[in-house]
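Peer 1: predicted model follows, preceded by the sequence.
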Amino acid sequence: MMLQETDGERLLVAVRRLLEAKGIASTAEIAERIAVTDRASPGQGARMVARAWTDPDYRALMVEDGSKAAEMLGIPMRGMPPLGVLQNAPGLHHLVVCTLCSCYPRAVLGYPPYWFKSAGYRARAVRDPRGLIAEWGTVLPDDTKVTVVDSTADYRWMVLPLRPPGTEDWTETQLAAIVREGDMIGVTVPKLS
Amino acid sequence: MATFAPGTRVRVRNDWPEARGPAHIRTPHYVRGAQGTVVRALGAFKNPEDLAFARPAPPRALYHVRFDPEPIWHDGRKGNDLLVEIFEQWLEPA
């Protein structure tokens, strides 16, 4: 016997049956999308960042067309919103927020962290980005320009952070291992632990 | 499709459709009436204002628009930027 303990689960079963019955999405398509969603994690974005740090051609492509760059590394982008990449530079830092809801580049970063959806983060990111990211211990030089990117519509945005000094002879795999979720949102910057 | 070229000074319409009835709007409150600069055209996307109500939703041009946050928040901080995606129907030449 299948236990259907909550209204939510009963609703889910009903909606899935209707999607199938109306020919909108098959069981196999739903299973495939669940598998793709489960595989998506910050590790995917980190692989892109590490490739960009070591391959100037890839960096150029990533800044031009994030979706194409993701697909080149085998990250499924079909049916996902287009991905835009915000390139940090000496003197320029980006911070991503969605003030209206919780738009997030899930294909390359997975599920958003809980605080990304909080009213506090969303309100403060646009008004006081420096004060906000200082709470992560991120203190930028005074003359660094901060560009806050409010993800309000059909694009999804990730930050391409600066490669930290001291990693000059590192492999792509080593580099990918130090890139965290927050580095690609812009609340932190990559650091050697 | 896009009528505003990069570099064009634009103003976000100071309009509040949500005060007139049910509405789904992707233009944040804090930029309504603000002036900014078109950075790039991002392509055309089905109009979310119609899509949200299951109405026919023709594609509309979407822009990345750069704003100076200081005149929005009046916090005296200089040299920072706000980049916001704004649909063409919300923009007029400044």
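Peer 2: Perfect, I can see it now. All values reported here derive from a predicted model rather than from experimental measurement.
Peer 1: close to chain B: what parts of chain A are there?
Peer 2: A:82, A:84, A:99-100, A:126-129, A:145-155 (C-beta under 8 Å from any C-beta of the partner chain). For the C-beta atoms, the positions are set from N, CA and C on the backbone; glycine is no exception.
Peer 1: what's the longest strand in chain B?
Peer 2: strand B:35-46 (DSSP state E).
Peer 1: what's the mean pLDDT across that one?
Peer 2: Model confidence over strand B:35-46, given as mean pLDDT, is 97.
Peer 1: please export the C-alpha coordinates of that strand as CSV.
Peer 2: What follows is strand B:35-46, C-alpha atoms only, in CSV (Å, rounded to 0.1, in the frame of the first residue of the first chain):
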residue,chain,number,x,y,z
GLN,B,35,16.8,57.1,-15.0
GLY,B,36,19.4,54.6,-16.2
THR,B,37,21.5,53.6,-19.2
VAL,B,38,20.8,50.6,-21.5
VAL,B,39,23.8,48.3,-21.3
ARG,B,40,22.6,45.6,-23.7
ALA,B,41,19.6,44.0,-25.3
LEU,B,42,19.1,40.5,-23.7
GLY,B,43,16.7,39.2,-26.4
ALA,B,44,12.9,38.8,-26.5
PHE,B,45,10.9,36.9,-23.9
LYS,B,46,7.2,36.2,-23.5
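Peer 1: is that strand in proximity to chain A?
Peer 2: Yes. Using C-beta under 8 Å from any C-beta, strand B:35-46 comes into contact with chain A via B:42-43, B:45.
Peer 1: give the buried residues for that strand.
Peer 2: By 16 or more other C-beta atoms under 10 Å in any protein chain shown, the buried positions in strand B:35-46 come out as B:36-42, B:44-45.
Peer 1: for chain A, where's the lowest mean pLDDT among helices and strands?
Peer 2: helix A:27-39 (a mean of 88; mean pLDDT, DSSP states H and E).
Peer 1: just to check, residue A:162 is in contact with residue A:191?
Peer 2: No. Judged on C-beta atoms under 8 Å, residue A:162 makes no contact with residue A:191 at a distance of 10.9 Å.
Peer 1: who has more neighbours out of the two?
Peer 2: residue A:162 (16 against 12; other C-beta atoms under 10 Å in any protein chain shown).
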